[in-house]
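Novice: What would the 3D arrangement of this be:
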Amino acid sequence: MLSETQTLITDAARRLVHERIIQPKLDQALDRSAEFPHDILRELWTHGLLQLEFPEALGGPGLACQDHVLVLEEINYGCLGIGTSAVANSLAALPLLLGHNDTARRHYLGQLVDQPGYAAFACSEPDAGSDVANMSTRFVQRGEVLVLNGRKRWITNANVADFYVVFAREQGTTGNSGIAAMVVEAGWPGVQWESLVHKLGQRCSSTGDVVFEDVEVPIANLIAGPGHGFRLAMATFDHSRPWIAAGAAGVIRRARDEAVRYALQRRTFGEPIIHHQMVAAMLADMEIAYQATRLLTLNAAAEVDAGNLRGSHSACAKAYGGDAAMQATTDAVQVFGGYGYTQEFVVEKLMRDAKLLQIYEGTSQIQRLVITRDLIRQFS
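Specialist: Numbering: from 1, shown residues only. Just a heads-up that it's a prediction; the model follows:
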């Protein structure tokens with residue numbers, strides 16, 4: 001049962017999504033144009049529906065992860081691309097919130113509270129996606145600055161971010177050791193973004209490379225020193241994965257709703273297709289997938305709120321949710337038949353958007369490794 005606060009923010013998000021995304025078909029328009037959703041993100045910021053877990057001490061609402069995932073489900077019901085863009089600031093903020101650099105935390109997160117702006121989490125590289133410990137972006141200390149060189153890939157908000165939270169290794173180190181985290185401002189000399197990616201889905205969310213060439217980063221911008229960055233990155237993912245699962249819950253519910261409405265009106269053999277057993281079974285599976293994903297998401301968020309970031313709860317929610325979303329949206333296209341394969345209806349977009357849920361912030365296969373390692377800890 002939702003609390004009064006949860007009901008209020010969920011209802012507010014649902015109304016805004018219906019009025020500004022679904023009713024005018026903004027989701028489909030942005031998918032075709034691949035235009036970054038500045039306007040709707042500003043509206044979400046104005047209505048207090050972004051960065052919900054920023055603490056009150058920083059001017060944020062100070063809500064819990066459970067509150068956050070409920071809102072994210074509603075935003076992603078409208079559009080997964082908008083949802084990914086909406087949560088990118090929170091992802092970039094997590095290392096600052098989990099780290100110990102209070103000055104950097106107040107300065108950079110205060111910017112996002114005071115006015116609409118963007119940040120980016122820069123961890124993945126061309127040869128180091130899921131294998132974070134294999135990153136090659138490096139830095140050397142020279143006096144009071146860290147000189148940073150390297151390339152980050154698959155970075156959400158790459159071309160719009162005001163600052164990046166960058167993970168890099170101290171030159172001469174290997175593996176987990178030597179990895180640090182720092183804040184790098186987009187306008188500094190030597191920082192540039194390149195090659196925006198044209199994606200299968202989630203097209204309105206910008207994704208690209210960020211390149212660092214002899215960038216001088218003040219030591220004051222260090223969030224985690226050498227040797228502590230890898231652990232901070234893993235803690236960030238443990239906290240953020242329920243957000244991805246919430247996106248899965250949103251898109252599954254949207255696919256279910258679109259498919260049920262169509263199946264009630266589409267007639268074959270003299271009756272609505274919802275009465276045909278094979279169609280009914282797919283719709284029932286969508287409902288099962290939604291209920292299970294939502295409960296796994298809320299459970300994982302509750303574990304985050306309790307401070308338990310070492311368990312596999314977040315990995316279970318993301319792995320199940322991502323796979324279930326891909327199946328549900330594929331089945332929704334099947335319910336629509338030939339119409340589902342056209343851009344006349346939104347279900348083809350839902351299917352394309354859903355695929356990324358199985359890939360970013362750790363693939364479904366990586367989640368299973370996380371889950372297995374947690375089982376090993378429990379039984380060893």
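
Novice: Could you use CA atoms for every contact and neighbour count after this?
Specialist: Fine.

Novice: Where do the helices of the stretch 101-250 of the chain begin and end?
Specialist: Taking DSSP state H, counting those that start in this stretch as the criterion, the stretch 101-250 of the chain contains helices spanning 102-104, 110-114, 229-265.

Novice: Which one, of these, ends up nearest to residue 26?
Specialist: Closest to residue 26 of these is helix 229-265 (Cα to Cα; 14.8 Å).

Novice: mind listing what's buried in that closest one?
Specialist: 229-230, 232-233, 235-260, 262-263 (16 or more other Cα atoms under 10 Å).

Novice: Figure out which of the helices of the stretch 101-250 of the chain is closest to residue 84.
Specialist: Across the helices of the stretch 101-250 of the chain (criterion: Cα to Cα), the nearest stretch is helix 229-265, sitting at 8.2 Å.

Novice: And that closest one, what does it pack against?
Specialist: With contacts defined as 3 or more Cα pairs under 8 Å, 6 or more residues apart in numbering; DSSP states H and E, the secondary structure elements packing on helix 229-265 are helix 65-78, helix 80-98, strand 179-185, strand 271-272, helix 277-305, helix 313-336, helix 347-354.

Novice: Domain map for this structure?
Specialist: With automatic domain parsing as the criterion, the domains of the chain are listed as 4-114, 119-228, 230-379.

Novice: I'd like those domains laid out as a markdown table, including mean pLDDT.
Specialist: Compiled in a markdown table, these are given as follows (pLDDT from 0 to 100):
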| stretch | mean pLDDT |
| --- | --- |
| domain 4-114 | 97 |
| domain 119-228 | 95 |
| domain 230-379 | 96 |
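
Novice: re earlier: right, so of the helices of the stretch 101-250 of the chain, which gets closest to residue 88?
Specialist: When the helices of the stretch 101-250 of the chain are compared for distance to residue 88 using Cα to Cα, the nearest one is helix 229-265, at 10.1 Å.

Novice: what's the angle between the closest one and strand 179-185?
Specialist: Interaxial angle of helix 229-265 relative to strand 179-185 (axes from the mean of the first three to the mean of the last three Cα atoms, to 10 degrees): 70 degrees.

Novice: Quick one: name whatever helix or strand follows helix 229-265.
Specialist: Once helix 229-265 ends, the next helix or strand along the chain (criterion: DSSP states H and E) is strand 267-268.

Novice: So what touches that following strand?
Specialist: Contacts made with strand 267-268 from outside it, assessed by Cα atoms under 8 Å, 6 or more residues apart in numbering, are listed as residue 273.

Novice: cool, stretch 167-186 as well?
Specialist: By Cα under 8 Å, 6+ apart, the list of residues contacting stretch 167-186 from outside reads 95, 104, 122-123, 133-140, 148, 161-166, 191-192, 217, 221-230, 233.

Novice: coming back round to it: can you tell me which of the helices of the stretch 101-250 of the chain comes nearest to residue 3?
Specialist: Residue 3 sits nearest to helix 229-265 of all those, at 18.0 Å, using Cα to Cα.

Novice: Next, the angle from that closest one to helix 313-336.
Specialist: 30 degrees.

Novice: Give me the angle between helix 229-265 and helix 65-78.
Specialist: Computed by the same axes, to 10 degrees, the angle separating helix 229-265 from helix 65-78 equals 50 degrees.

Novice: chain center to helix 229-265, what's the gap?
Specialist: On the basis of Cα atoms, centre = their mean, to the nearest Å, the separation between the geometric centre of helix 229-265 and that of its chain is 9 Å.

Novice: does residue 230 really touch residue 133, like I thought?
Specialist: Yes - judged on Cα atoms under 8 Å, residue 230 makes contact with residue 133 at a distance of 7.2 Å.

Novice: ok, which stretches of the stretch 1-150 of the chain are strands?
Specialist: 119-122, 138-142, 145-156 (DSSP state E, counting those that start in this stretch).

Novice: What pairs with the last one, parallel or antiparallel?
Specialist: Looking back up the chat, that one is strand 145-156. For strand 145-156, the paired strands and their directions (DSSP bridges) are strand 138-142 (antiparallel), strand 207-218 (antiparallel).

Novice: Deepest-packed of the ones you listed, please.
Specialist: strand 207-218 (a mean of 20; mean count of other Cα atoms under 10 Å).

Novice: got the CA positions of it in CSV?
Specialist: The C-alpha coordinates for strand 207-218 follow below in CSV (Å, rounded to 0.1, in the frame of the first residue of the first chain):
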residue,chain,number,x,y,z
THR,A,207,24.5,8.6,-26.2
GLY,A,208,28.1,9.3,-27.3
ASP,A,209,31.8,9.4,-26.6
VAL,A,210,33.5,11.8,-24.2
VAL,A,211,37.2,12.4,-24.9
PHE,A,212,39.8,13.8,-22.4
GLU,A,213,43.1,15.1,-23.7
ASP,A,214,45.5,16.4,-21.0
VAL,A,215,42.6,17.7,-18.9
GLU,A,216,43.8,19.3,-15.7
VAL,A,217,41.4,18.2,-12.9
PRO,A,218,41.9,19.9,-9.5
